[in-house]
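Quick check, what structure comes out for this input:
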Amino acid sequence: PNSGSTSNPSSMMKPKPPRLLSALLLTWLATFILSVKAHSSVSTMVVADAAAIGAGAVCGALCRHHVGQSVTKQIAKDPKRYGHLTGWHTAGINVLGSFILGGVFATPVVSETAKSAKSSTAATSAASKVPTGFGLTPRAKLLAGVGFCGSFTTFSTYSVDIVNMIGRGEAARALGYVAVNNVGGVSAAAAGMLLVRKLISSGK
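Coordinates of the predicted model:
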């Protein structure tokens, strides 16, 4: 008998890990498709929420990228004057994002039906000088809070900046950077909440 044509029976009986993983993934995908068909209304809401978060995330990431590029170009024009500000735009972004998120959090939640009813009565309330108030739908809060603010601010870049500062022996600068991000961010979030709540109370 030709020894080259023989194979190990145990290796033929056991499925290869990639094939087993593919089978598990296909099983999960089939289960997911069936659950989507069984709960079409729920799946539609999930897809819409995911789309809102994705749209906000794209806008937030692009805004952060544009701010970073603009600041870097300005520093490159006059490094002797602005070189010490390298990396600090991240702190500014985090503080601004905290302010926006604080305002989003403090904004009342309204349903889609209440939003449409409010828009239909806006002309009447405006004529009578009676403020209608304002609010955000849960999906709009996902877009602005989770999507935009989540990608506009960045904790990872802030952490890397701290490590780099400490690695260069700039301990004092690292402490100041931590203070601006943490204390400034918390203060900005509180300011955003207070501002929105003041606007709401003044509009009642």
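
any idea which helix or strand comes after the helix or strand containing His65?
Following DSSP states H and E, the helix or strand that holds His65 is helix 40-77. Remark: after helix 40-77, the chain's next helix or strand is helix 79-82, criterion DSSP H and E.

how about the CA coordinates for that next one, as PDB?
Only the C-alpha atoms of helix 79-82 are listed here, as PDB (Å, rounded to 0.1, in the frame of the first residue of the first chain):
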ATOM      1  CA  PRO A  79       5.900  77.300  16.100                       C
ATOM      2  CA  LYS A  80       7.900  79.700  18.400                       C
ATOM      3  CA  ARG A  81       4.800  81.500  19.400                       C
ATOM      4  CA  TYR A  82       2.300  78.700  19.500                       C
END
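
Buried residues, the helix holding His65. List them.
Across helix 40-77, burial judged by 16 or more other Cβ atoms under 10 Å covers 49, 52-53, 56-57, 59-61, 63-64, 67-68, 71, 75. Yep, even glycine has a C-beta here, placed from its N, CA and C like the rest.

Point out where this structure drops to low pLDDT.
1-21, 23-24, 27-43, 112-133, 204 (pLDDT under 70).

cutoff 90 now
1-48, 79-87, 111-135, 200-204 (pLDDT under 90).

Please name every helix or strand in contact with the helix holding His65.
helix 88-106, helix 138-141, helix 150-152 (3 or more Cβ pairs under 8 Å, 6 or more residues apart in numbering; DSSP states H and E).

6 Å instead?
Using 3 or more Cβ pairs under 6 Å, 6 or more residues apart in numbering; DSSP states H and E as the contact test, the elements touching helix 40-77 are helix 88-106, helix 150-152.

ok, back up a step: just the buried residues of helix 40-77 now: which is nearest Gly169?
Ile75 (21.1 Å; Cβ to Cβ).

State the distance from the closest residue to the closest one other than its chain neighbours to Ala91.
Closest residue to Ile75 apart from its sequence neighbours, by Cβ to Cβ, 6 or more residues apart in numbering: Tyr82 at 4.5 Å. Separation of Tyr82 from Ala91 (Cβ to Cβ, to the nearest Å) stands at 15 Å.

More neighbours: which of those two?
Neighbour totals were compared for Tyr82 and Ala91, and Ala91 leads with 21 against 14 (other Cβ atoms under 10 Å).

Cool, thanks, signing off.
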